[in-house]
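Following is a predicted model, sequence given first.
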Amino acid sequence: MSLLSIQDLTVHHGQLRAVDGFSLDLDKGEVLAVIGANGAGKSTLLRALAGLDRPTSGCIRLHDRDITRMPAHRRLSAGVALVPEGRRMFRSLTVEENLLTGAYRKRPGPWTLERVYELFGWMADRRRQNASQLSGGEQQSVAIGRALLSNPDLLLIDELSLGLAPVVVRRIYEVLPGIVGSGTTALIVEQDVSQAMRVADRVHCLLEGRSVLRGRPRDLSAEQVEHAYFGIGIGDVREGQD
Amino acid sequence: MDFLNALIQGLLIGGLYALFATGLSLMFGVMRIVNLAHGDLAVVASFLALALISGTGLPLWIVLLVTVPLFALLGYLTQRVLLQKSLRSGPPATLLVTFGLSIVLQNVLLETFSADTRTLDGGSFATGSFEITDSISIGYLSLTTFVLAALALTGIQLFLSRTGLGRMLRASSDDPETANLVGGDSRHIYGIATAIAFATVALAGLMFAMRSSFDPSIGPSRLIFAFEAVVIGGLGSLWGTLLGGMILGVTQSIGSEIDPALTLLAGHLIFLAVLAFRPQGLIAGRKA
């Protein structure tokens, strides 16, 4: 049984069909990256998974339970946490208070404030600081810690690298194996393809809301990915050796 | 010495203004709702207490203990049933709903209690005072009002800063969608914020009722004090609201020392001066 199963998901963004018949199965402990150009529907997909956008049709199942119509605040208790695009710090709250909002629902699991402070060494010293005073990379780490404190089974990360220096991005991604090792499954959306290929077990490439290429990073050639990313010569969905 | 007395009396009444304004500030801070019925709610609390006292003969402090929690419950329900729906349609809709509520409340009060001016009789407690020096005496009621207001504001501040729900209230005020993402049910959070706002406005309404007379149509002119305290202090800051209330109280009190007719005008002038020269309020930023 897979942890997350998405079947034929369609999400509209106003008139636009942002996600179009998307299907996906994700097993426990996997890291899956969804890549694609701007406006390919990646963020909308994650927002639909987190419950912020209502799907037009299709089905999302978590632990074999239908969560398609579940409101966002209840999905957290079901085990889904989203690290939103742009980090979205609560700017009048301190670092520690930001983290603690993640523990609001008191979902049991391995993640505690102490463990998050272990994961990001600098954070404990600056926990009384206002979150708005942190740098972008630091805010991104706090956003991840906040999501972890809800002890999610499925961690969704939206555009982690957006607006951050590559060296900062790499450092943040270094914590991902530790997170997955604790039993969390990760679905990340990433514009930085090489970064995504490095950290993910599997990748899906989205183009205009449709999945046009999927497979393991080592099975996909750079040319295949490039063509899928920019939509060159795409007819049907291509499969790498899955 | 007269000015010292005016200063002290101003500070004491300022505490009441701050308490009265807190609900307005909180509802705007968390939900971006400008509650135009805020003043009328205080008057409703006054009339409710009046009816309870004349109907049941219960002592004032029990009536107070009944009215405040009742208003909290009423606030929660008002948010869930009435305001929540209008929030989805944007700020003009909520403004219209609270405006409508204000008119409905005034007319229901008029229908039920007639247009007569009333007072809530606090007995010797409301008129008694103790002397500090020859020229300074402090009323029991003024002092009690101030202490209650300070306790209520401290309680709210502790709730906001120390509890998980309070933290969520502030988070929701910063970014409602992300608060939703970390498991905050906005309807419940908004309900709690409105419950606190209603409870404080009821307490303030009862205090006003013991100090001065009231009638069904006095709500809007009371509302101005709340607006002024909030704007002077800085929108969305609880300590700012306290400061704003104090400044408004002191200004009015000193104004009346110069000329009794100046009382209200002095407060309005300070309010205009702050709007003109420091529109973000004296304590800027939304911390609470």
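Yes, it's here.

Please list the residues of chain A that sit near chain B.
Taking C-beta under 8 Å from any C-beta of the partner chain as the contact definition, chain A meets chain B at A:50, A:52, A:71-74, A:76-77, A:81-82, A:84, A:88, A:90-93, A:97-98, A:100-105, A:146-147, A:150. Using the backbone N, CA and C atoms, a C-beta is placed for each residue, glycine as well.

again, only using 7 Å
A:50, A:52, A:72-73, A:76-77, A:82, A:84, A:88, A:90-93, A:97, A:100-102, A:104-105, A:146, A:150 (C-beta under 7 Å from any C-beta of the partner chain).

mind listing which of those residues are in strands?
Mapping those onto strands (DSSP state E) picks out A:Leu82.

Among the residues of chain A next to chain B, name the ones in helices.
Where the residues of chain A next to chain B overlap with helices, as defined by DSSP state H, the overlap consists of A:50, A:72-73, A:76-77, A:97, A:100-101, A:146.

hang on, B:Ala195 packs against B:Gly75?
Yes. Between B:Ala195 and B:Gly75 there is a contact under C-beta atoms under 7 Å: 4.2 Å.

Compare neighbour counts for those two and give me the winner.
Applying other C-beta atoms under 10 Å in any protein chain shown to B:Ala195 and B:Gly75 shows that B:Gly75 carries more neighbours, namely 26 against 21.

Now for the more buried one: which residues touch it?
Contact partners of B:Gly75, counting by C-beta atoms under 7 Å, 6 or more residues apart in numbering or on different chains, are B:194-195, B:197-199.

repeat for B:Phe159
Neighbour list for B:Phe159: B:Gly166 [criterion: C-beta under 7 Å, 6+ apart].

doesn't it fall inside a strand?
No. Applying DSSP: H, G, I helix; E, B strand; the rest coil, one finds B:Phe159 to be helix, outside a strand.

Next, work out how far apart it and chain A are.
From B:Phe159 over to chain A the distance is 14 Å, taken as C-beta to the nearest C-beta, to the nearest Å.

and what of B:Ser213?
When distances are taken as C-beta to the nearest C-beta, B:Ser213 and chain A turn out to be 40 Å apart.

List the single closest residue to B:Phe208 in space, sequence neighbours excluded.
Nearest in space to B:Phe208, with sequence neighbours left out and distances taken as C-beta to C-beta, 6 or more residues apart in numbering or on different chains, is B:Ala42 at 6.2 Å.

which residues touch the one you found?
B:Ala42 sits next to B:20, B:201, B:204-205, B:208, B:219, B:222 when contact means C-beta under 7 Å, 6+ apart.

What's the mean pLDDT across the strand or helix carrying it?
Remark: B:Ala42 resides in helix B:38-56, with elements defined by DSSP states H and E. The pLDDT scores in helix B:38-56 average 95.

what do you get for stretch A:107-121?
The average pLDDT for stretch A:107-121 rounds to 95.

Check which residues of that stretch are buried.
For stretch A:107-121, burial by neighbour count (16 or more other C-beta atoms under 10 Å in any protein chain shown) applies to A:107, A:111, A:113, A:116-117, A:119-120.

Pretty sure B:Lys179 sits against B:Arg170.
Let me fix one detail, which is that residue B:179 is Ala and not Lys. No. Between B:Ala179 and B:Arg170 there is no contact, the gap being 9.1 Å when judged by C-beta under 7 Å.

Of the two, give the one with the bigger neighbour count.
B:Ala179 (27 against 22).

ok, the residue nearest to B:Pro176 when sequence neighbours are not counted - how many residues close by?
Nearest residue to B:Pro176 in three dimensions, chain neighbours excluded: B:Ser186, at 5.7 Å (C-beta to C-beta, 6+ apart). Using other C-beta under 10 Å, B:Ser186 has 20 other residues around it.

so B:Leu87 touches B:Thr94, yeah?
Yes. Look at B:Leu87 against B:Thr94 with C-beta under 7 Å: they come within range, at 6.0 Å.
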